[in-house]
Structure formats: structure tokens, C-alpha cells
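# Here is my input; please provide its structure:
(chains A and B)
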Protein chains: 2
Amino acid sequence: MPDDEEQIRTLIEKWANAVNSGHLSGVLADHSDDIVMFDVPPPQEGVRGIDAYRETWLPFFEWRAQGAAFELVSLDVTAGDDVAYAHARCCAAERGRSSPTTLRTARLTLGLRKEDGRWVVAHEHHSFPSTDGEDAAA
Amino acid sequence: MPDDEEQIRTLIEKWANAVNSGHLSGVLADHSDDIVMFDVPPPQEGVRGIDAYRETWLPFFEWRAQGAAFELVSLDVTAGDDVAYAHARCCAAERGRSSPTTLRTARLTLGLRKEDGRWVVAHEHHSFPSTDGEDAAA
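Okay, the predicted model is just below:
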């Protein structure tokens, strides 16, 4: 059986493939009911619960249907016996335009816990770097 | 002895107090040499290593010296035996102006591991929500 780090790496890679292929049930398959997601857009206090998490993917899937792609650029996993976290960089690309491919890379952190012997994602934090003048306030 | 969750909560509260009081050695005290920080500003690939992490605080401390404050608004800790993560909201406030106090709240995720029986922060992800038109690409 793969060790915890390998199980988590596989889980996150499957999730990213589901995002890229517009497979919503695959995106949700290994997420906890009580997930707290700090998404790129507001609300500032985060998206809470699997139903609200599901809703956040609908605009992305509309964009994807117009030719966008999503993939992991890097992934680093730190796993204990029953709690783990991972950080990653994700690339979103638009294709099929006359201009060169547009790339935008997000930073992603995930928090996971083991439930009944199975890893689930209980926290996600997605962001782009900010270049506005108030960055020092972070 | 406090349990792991209580130890981590105390560690993060002490770190936030050190940020608020401009106490750089306190900000660094419980961080790993190999920390990876996704800061609010670039670089997109993150700030890597304790020396680079230290440098990120200098602009904040200049801003703080003009009357800014920093505090935790909320903190949620998930701890295993040797790996943990936490998510929080942090408030940065400017004081001493004629206009009302300016508040800005950041989202923060931390990844921790236990080294020689002691918790250390090995990952931080700070961000503000983004409201630009490409949010769906996250």
C-alpha cells in the first residue's frame, strides 16, 4: 500500500485532473463536508461547507468550456499519521485564441486529515500574488 | 503539559503578538530553516528559507512604526502527533489619522511539523481576496 505522502499526492493529482476535465464529482470526491476554503475571490471569511465549495467551481467550469486548462506545476506534501498539509502551484491557461497562450499561476495550500483510514481535504487556500500598495499590511 | 492543539495555538498567538510589537526575533522564533512562504506580494513561487522570510517583515515593521497594529481575528488548528495545519484571519489596522481607522483583513494558512518534540512553522500562505476579472481562473 502506498505510504501517506504517496496517497495524498495521488489524491491531489486526481483532484487537479478532475478540475482540468470539468468532472465536478471528481473535484468533490475526497473533500470533507466541513471544508473551509479561502478562495481567490471573496468572501473574506472563506467558503464553508461542501455545498458552498461545489458552487465555487461553476464559474471555473464555464471558463473551462471555452478552452481553458488547469494543471499542477509543483506539489510538496508533508504527511503525519492522521494530519497533513501540502502546498502547490497551479497553472490556468487559455487556448484557442489568436494571441499567445495566456498563463496565470496560482498558489495553493491544502490541509488534510484522515477519516476512517482515508485522507480527505478539509482546507484549501487559493491566491494570486497581489501587487497593490498595501501589501506590507499582510 | 498542554496538548498539541493548545501548544500550536499558543505558538501562533505569540507569533502574532511579536508581529504586532515589532519583535523580529519573536516572529522568527518558531519557524523552520526551510520555511516556504506564499506572501501577499510576489514572488509567485514563494519566499524560501528563514533568511528570505526574515526580509519580508522589514517593510511591515516600517509601516508598524508609523502606528499600525496587527492581530488575529480567528484561529482554527488541526493537529496530529507530528504534523498540523491552521487557518486564521488577521487584521491590520492603521491608527492616528483623522479619518476612521483603516482595517484590512488577510487570510492566513500555516503548516507545522514537530522537530525534536517541538512544533515549528514550515509553511505560511498569506493573501487578500482578489476581485479582478480573472478570479475564475483560480
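# Paired strands for the host helix or strand of A:Tyr85, with orientation please.
According to DSSP states H and E, A:Tyr85 maps onto strand A:83-94. Strand A:83-94 pairs in its sheet with strand A:68-79 (antiparallel), strand A:102-115 (antiparallel), by DSSP bridges.
# who wins for proximity to A:Asn20 among those strands?
Closest approach to A:Asn20 among those (C-beta to C-beta): strand A:68-79, 4.4 Å. Just so you know, the C-beta spots here come from the backbone N, C-alpha and C atoms, and that holds for glycine as well.
# Of all the residues in the closest one, which ones are buried?
Buried residues in strand A:68-79, counted by 16 or more other C-beta atoms under 10 Å in any protein chain shown: A:68, A:70, A:72, A:75-79.
# Stretch A:56-63 too?
A:56-57, A:60, A:63.
# try stretch A:104-115
A:105-114.
# CA atoms only: put that stretch into PDB for me.
Extracted C-alpha coordinates of stretch A:104-115, given in PDB (Å, rounded to 0.1, in the frame of the first residue of the first chain):
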ATOM      1  CA  ARG A 104      -1.800  32.600 -14.800                       C
ATOM      2  CA  THR A 105      -0.300  30.700 -11.900                       C
ATOM      3  CA  ALA A 106      -2.000  30.400  -8.500                       C
ATOM      4  CA  ARG A 107      -0.600  29.400  -5.200                       C
ATOM      5  CA  LEU A 108      -2.500  26.700  -3.300                       C
ATOM      6  CA  THR A 109      -2.200  25.300   0.200                       C
ATOM      7  CA  LEU A 110      -4.300  22.200   1.300                       C
ATOM      8  CA  GLY A 111      -5.000  20.900   4.800                       C
ATOM      9  CA  LEU A 112      -5.900  17.200   5.100                       C
ATOM     10  CA  ARG A 113      -7.000  14.800   7.800                       C
ATOM     11  CA  LYS A 114      -7.500  11.000   7.900                       C
ATOM     12  CA  GLU A 115     -11.100   9.900   8.400                       C
END
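# Setting aside sequence-adjacent positions, which residue approaches A:Leu11 most closely?
In this structure, A:Leu11 finds its nearest non-sequential neighbour in A:Asp30, 5.1 Å apart by C-beta to C-beta, 6 or more residues apart in numbering or on different chains.
# Now do the same contact list for the one you found.
By C-beta atoms under 8 Å, 6 or more residues apart in numbering or on different chains, the contact list for A:Asp30 reads A:11, A:14-15, A:118-121.
# ok so, going back, output the buried residues of strand A:68-79 as a markdown table; include the columns pLDDT and distance to B:His126.
Listed next are these as a markdown table, based on pLDDT from 0 to 100; distance: C-beta to C-beta, whole Å:
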| residue | pLDDT | distance to B:His126 |
| --- | --- | --- |
| A:Ala68 | 83 | 27 |
| A:Phe70 | 89 | 23 |
| A:Leu72 | 95 | 21 |
| A:Leu75 | 98 | 20 |
| A:Asp76 | 98 | 17 |
| A:Val77 | 98 | 21 |
| A:Thr78 | 98 | 18 |
| A:Ala79 | 98 | 23 |
